[in-house]
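*Asks:* next one to model:
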Amino acid sequence: MTSGTSGTGSTTGDGAATGATTLGEIIALLEEAYPPRLAESWDRVGLVAGDRSAPVRTVVVAVDATDAVVEHALSAGADLLLVHHPPLMKGVHSVATDTPKGRLLHRLIAGGCALYAAHTNADSARPGVNDALAEALGLAPGRPLVPSGDGTVDRWVVTVPHNDDDVDALLSSVFAAGAGRMSGYTECSFSVAGTGRFRPGSGTNPTIGSVGEPESVEELRVEFVAPPELRSAVRRAVIEGHPYEVPAMDVLVNHAGPGPGPGPGAGDTGLGRVCELEEPLTLAEFTELVAERLPATTWGVRAAGDPEALVRRVALCGGSGDSLLGAARAAGADVYITGDLRHHVVDEHLREGGPMVVDAAHWALEFPWCAQVAGLLAERAGVEAMVCDLRTDPWTVAAGGERRPRR
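*Replies:* Okay, here's the model as predicted:
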């Protein structure tokens with residue numbers, strides 16, 4: 001296992017947490033990074049088992065929750081096992097210990113370890129699974145292969161006294177919380193002047209005016225956007241950065257908002273990525289690069305196409321991506337890398353003039369994300385976050401093949 005930094009929480013003699021990060025706080029961070037609204041409609045993401053009020057000091061991250069991974073997490077003293085693939089994707093009628101899924105859940109619960117899954121929401125998020133895959137291959141993550149179409153953002157409207165100090169303090173506070181980002185731009189806002197009127201009541205402590213007396217103040221109506229998952233953080237930032245005892249604020253849901261950015265294309269969520277090689281490679285060379293950069297599996301990496309054809313534009317999708325073959329063609333990709341490709345699908349795709357394909361192991365394509373999310377938790381939650389490096393690719397034996405010398 002590889003690890004991140006450890007937290008500083010401690011426990012009292014009866015085991016109660018003192019200063020430890022709670023599971024609920026970890027989930028809030030994960031759902032800010034990988035919003036559940038980005039998950040596909042058929043997906044089942046989120047908390048599988050665990051108490052949101054329980055303290056978390058150690059997290060183990062893996063692609064799959066297998067028996068070996070669960071035992072590894074418990075041996076490491078993990079309070080949370082964070083996986084990519086939801087173990088309860090399809091409906092079950094029993095979680096008895098004599099069923100495979102029930103056995104895992106009982107083992108985790110008995111060991112005091114929660115279970116959480118971030119799946120297609122992590123695939124579409126920026127950064128997410130596909131960004132980690134691109135970076136593992138030495139590519140700059142480009143635009144999504146299939147944009148999510150989820151442009152939902154909150155539009156905030158806050159009134160503040162019309163002077164530079166108060167306006168600057170408010171905007172600095174909300175920008176620090178992640179507001180004001182639009183398609184690669186940051187610190188974006190709009191303001192218009194107006195007049196605010198109010199009468200402070202008994203028991204109030206007005207910044208401007210006197211209790212019981214009507215007041216009229218020249219104010220600015222300040223507007224900015226923020227992702228819905230930051231709503232609580234932005235509200236706190238408005239209160240902390242505003243001079244008034246009770247700031248006036250409205251939150252409007254805007255379904256036509258641009259992504260938050262930053263960076264070219266980084267504000268656009270969706271499945272897959274379209275990337276450019278700095279220097280062209282042949283398909284054979286690119287396939288070797290993929291094999292070198294991804295974790296090794298028994299199956300390895302294979303490609304379909306002319307070995308000497310040049311590759312410049314790369315489309316990619318971690319996991320099972322044959323449904324995006326048409327999108328890779330529409331993107332003008334020279335090659336498409338994904339997993340779980342099938343004979344007839346690839347054959348017809350190539351005969352229809354689609355880009356060449358590289359097929360790698362499903363697990364290997366998604367494994368780079370584990371380090372990404374472990375780093376996020378170590379940095380922002382102050383917990384010990386470890387990547388489980390047990391290979392959970394199910395294929396364990398390979399034989400034959402064209403390169404094998406024959407007797």
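
*Asks:* the strands in the stretch 251-400 of the chain, which residues?
*Replies:* Using DSSP state E, counting those that start in this stretch, the strands found in the stretch 251-400 of the chain span residues 270-271, 273-282, 302-304, 310-320, 335-339, 356-360, 384-387.

*Asks:* point out the most buried one among those strands.
*Replies:* strand 335-339 (a mean of 27; mean count of other C-beta atoms under 10 Å). (C-beta placed from N, C-alpha, C; glycine too.)

*Asks:* put the alpha carbons of that strand into CSV.
*Replies:* Written as CSV, here are the backbone C-alpha positions of strand 335-339 (Å, rounded to 0.1, in the frame of the first residue of the first chain):
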residue,chain,number,x,y,z
VAL,A,335,-7.1,6.1,-31.4
TYR,A,336,-9.5,5.3,-28.7
ILE,A,337,-8.3,3.6,-25.5
THR,A,338,-10.8,1.9,-23.1
GLY,A,339,-11.6,-1.5,-21.7
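
*Asks:* okay, now the sheet partners of it, with direction.
*Replies:* Strand 335-339 pairs in its sheet with strand 310-320 (parallel), strand 356-360 (parallel), by DSSP bridges.

*Asks:* got these as JSON lines, with distance to residue 214 and mean pLDDT columns?
*Replies:* Shown next, in JSON lines, are the strands paired with strand 335-339 (distance: least, C-beta to C-beta, whole Å; pLDDT from 0 to 100):
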{"stretch": "strand 310-320", "distance to residue 214": "61", "mean pLDDT": "98"}
{"stretch": "strand 356-360", "distance to residue 214": "70", "mean pLDDT": "98"}
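
*Asks:* just the endpoints, please. Distance across stretch 94-104?
*Replies:* The first and last residues of stretch 94-104 sit 12 Å apart, counting by C-alpha to C-alpha, to the nearest Å.

*Asks:* worst mean pLDDT across the helices and strands of this protein, which element?
*Replies:* When the helices and strands of the chain are compared on mean pLDDT, DSSP states H and E, strand 10-11 comes out lowest with a mean of 36.

*Asks:* for residue 75, see how far away residue 28 is.
*Replies:* 28 Å (C-beta to C-beta, to the nearest Å).

*Asks:* out of those two, which sits in the busier spot?
*Replies:* More crowded of residue 28 and residue 75, by other C-beta atoms under 10 Å: residue 28, with 16 against 11.

*Asks:* so who does that one touch?
*Replies:* residue 232 (C-beta atoms under 8 Å, 6 or more residues apart in numbering).
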